[in-house]
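1. Quick one, what's the 3D model for this:
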Amino acid sequence: MDSNVSNSTDLDPDELFVSLEAMGPELQLFLVILYSCTAIAALGGNGAAIAVLLLGKRRSIRLFLINLALSDMTMALFSIPFTYTDFMLGRWIFLPEFCPVVQFFQHASVSVSVYTLTVVGLDRYYAIIYPLSGRWTKTRGRLVVFLIWFFSIALSSFQLVHGKALKYTVGGQELYDCSEIWGEVEGKVYTSMVFSVTFVIPILILSYAYGSIGLKMWGHTMPGNADPSRDRQQLAAKMKVVKMMAIVVVLFVICWLPIQIFGLLIYFAPEFVLPGEDEDFPGFAAAFLCCHWLSMANSFVNPLVYCFMSDNFRTDLRQLFWCNKRRLRLDAHASTMMTGSSNLKANHIPLRPLNPAENRVLKRSISEKTWVSINPEKTMITD
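-> Model (predicted):
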């Protein structure tokens with residue numbers, strides 16, 4: 001909205017806010033529930049994925065999967081709750097200073113995600129196409145992750161300068177609108193650059209990498225002495241990882257391509273997107289929210305892919321929860337044993353003397369929770 005918009009007529013605040021909102025209360029409630037569930041699923045799913053990856057077996061791309069989960073959690077924390085609220089209510093209801101921060105984190109998390117996927121694709125490419133050359137990320141993983149965040153932050157830092165919560169006046173009320181402030185040419189240049197370096201170029205690289213891997217797999221043979229059984233097992237293991245990451249990339253494209261195109265049209269062909277009349281606004285709002293939610297939904301789909309496609313991930317997940325449950329059972333059992341032991345020691349029941357044969361049978365039959373104390377005069381079982 002324009003910062004200079006004003007209205008000399010004082011309106012009731014409730015009526016004013018309703019006039020600015022993009023939809024009625026029923027649809028607002030639906031959006032609040034939808035986006036809240038999306039954020040909770042993203043935080044819970046990626047938090048569980050990080051725990052499994054940290055505590056489970058070592059994997060070649062574990063560090064990058066953790067980095068991908070962290071970027072999705074950043075999106076859930078700093079973007080999902082704020083961006084849809086601003087559009088739904090027609091005004092920025094949070095601190096004005098928080099507007100550029102939200103835009104910064106949204107751009108940074110998207111960049112981190114796509115660059116992490118690109119690095120994983122290249123890692124798989126070199127591991128399969130050039131298996132004898134060694135994995136180029138094995139000893140440089142942390143440096144690569146640092147560079148991913150560095151370039152993502154550098155590219156997104158423009159939002160800290162051009163993202164602003166502009167004040168405007170309607171009906172005597174001072175309100176804010178959170179948006180990017182660019183000149184006409186600057187906005188087009190920056191939008192084109194971001195679309196190229198965070199979407200087009202990485203997707204082209206990934207398409208080439210996974211396409212080459214697919215062709216290589218058709219006629220693949222392991223180096224060294226031929227061993228059909230070994231070759232099949234290693235090939236199957238590599239293909240599982242490749243298929244899983246290829247599906248993650250495809251889902252990223254499906255989720256983010258609509259909102260990327262939507263943003264390009266706003267700058268380069270606004271007549272096809274922006275509503276010209278009031279009656280066109282519901283269609284515009286529906287199209288934007290569908291594209292926007294789809295992009296936010298990408299933040300929780302990756303853990304689902306890991307669960308469905310990675311045997312190691314499912315195994316580690318089961319072991320993680322099983323170990324926690326077993327630890328709780330052992331703690332409860334230890335507490336019960338301590339209590340029961342103290343009671344029995346105070347009120348032990350003498351038993352009749354046992355002959356040696358009976359003694360051996362009894363020792364074999366008692367459970368691990370009991371022990372037998374035998375003396376010539378009296379035999380006693382104590383828990």
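2. which element follows whatever helix or strand Met88 lives in toward the C-terminus?
-> For Met88, the host element (DSSP states H and E) is helix 80-89. Downstream of helix 80-89, the first helix or strand assigned by DSSP H and E is helix 98-129.
3. still on that earlier bit, got the buried residues for the helix holding Met88?
-> By neighbour count, with 16 or more other CB atoms under 10 Å as the criterion, the buried positions of helix 80-89 are 80-89. Using the backbone N, CA and C atoms, a C-beta is placed for each residue, glycine as well.
4. Tell me the one of these nearest Ala246?
-> Nearest to Ala246 among the buried residues of helix 80-89: Ile80, at 26.1 Å, using CB to CB.
5. That closest one and Arg142: what is the separation?
-> Ile80 sits 28 Å away from Arg142, going by CB to CB, to the nearest Å.
6. Residues contacting stretch 106-118, please?
-> 64, 67-68, 70-72, 74-75, 78-79, 83, 145, 148-149, 151-153, 155-156, 159, 194, 198-199, 202, 205-206, 245, 248-249, 252, 256, 298 (CB atoms under 8 Å, 6 or more residues apart in numbering).
7. roughly how far is it from the heart of the chain?
-> 12 Å (CA atoms, centre = their mean, to the nearest Å).
8. hey, C-alpha coordinates of that stretch in CSV?
-> What follows is stretch 106-118 as a C-alpha-only set of coordinates in CSV (Å, rounded to 0.1, in the frame of the first residue of the first chain):
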residue,chain,number,x,y,z
GLN,A,106,12.4,-16.3,4.3
HIS,A,107,14.9,-15.5,1.4
ALA,A,108,17.8,-17.0,3.4
SER,A,109,16.0,-20.2,4.2
VAL,A,110,15.0,-20.8,0.6
SER,A,111,18.5,-20.2,-0.6
VAL,A,112,20.0,-22.5,2.0
SER,A,113,17.5,-25.2,1.0
VAL,A,114,18.2,-25.1,-2.7
TYR,A,115,22.0,-24.8,-2.3
THR,A,116,22.1,-27.7,0.1
LEU,A,117,20.1,-29.8,-2.4
THR,A,118,22.5,-28.7,-5.1
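9. show me where pLDDT drops low in the stretch 101-250 of the chain?
-> In the predicted model, the stretch 101-250 of the chain carries pLDDT under 70 at residues 133-139, 218-232, 234-235.
10. Swap in 80 and give it another go.
-> 131-139, 170-173, 217-239 (pLDDT under 80).
11. so which strand or helix has Leu70?
-> Assigned by DSSP H and E, Leu70 falls in helix 62-78.
12. name the helices or strands packed onto that helix?
-> On a contact count with 3 or more CB pairs under 8 Å, 6 or more residues apart in numbering; DSSP states H and E, helix 62-78 meets helix 25-55, helix 98-129, helix 141-156, helix 281-309.
13. now it and helix 98-129, what's the angle there?
-> 160 degrees (axes from the mean of the first three to the mean of the last three CA atoms, to 10 degrees).
14. And helix 62-78, what's buried?
-> Applying 16+ other CB under 10 Å to helix 62-78 flags 63-78 as buried.
15. Same check on stretch 159-175?
-> Those would be 159, 162-166, 168, 170-171, 173, 175, for stretch 159-175 by 16+ other CB under 10 Å.
16. related to what we said a few turns ago, just the mean pLDDT for the helix holding Leu70, thanks.
-> Mean pLDDT, helix 62-78: 93.
17. So what touches stretch 195-215?
-> Residues contacting stretch 195-215 (CB under 8 Å, 6+ apart): 110-111, 114-115, 117-118, 121-122, 124-125, 128-129, 155, 242, 245-246, 249, 253, 256-257, 260, 263-264.
18. Now that stretch: buried residues?
-> 195, 198-199, 202-203, 205-206, 209-210, 213.
19. Likewise for stretch 284-296?
-> Here stretch 284-296 shows 285, 288-289, 291-293, 295-296 as buried, counting by 16+ other CB under 10 Å.
20. Closest to Ala39 out of the residues you listed?
-> The nearest one, if we look at the buried residues of stretch 284-296 relative to Ala39 and count by CB to CB, is Met296, at 8.1 Å.
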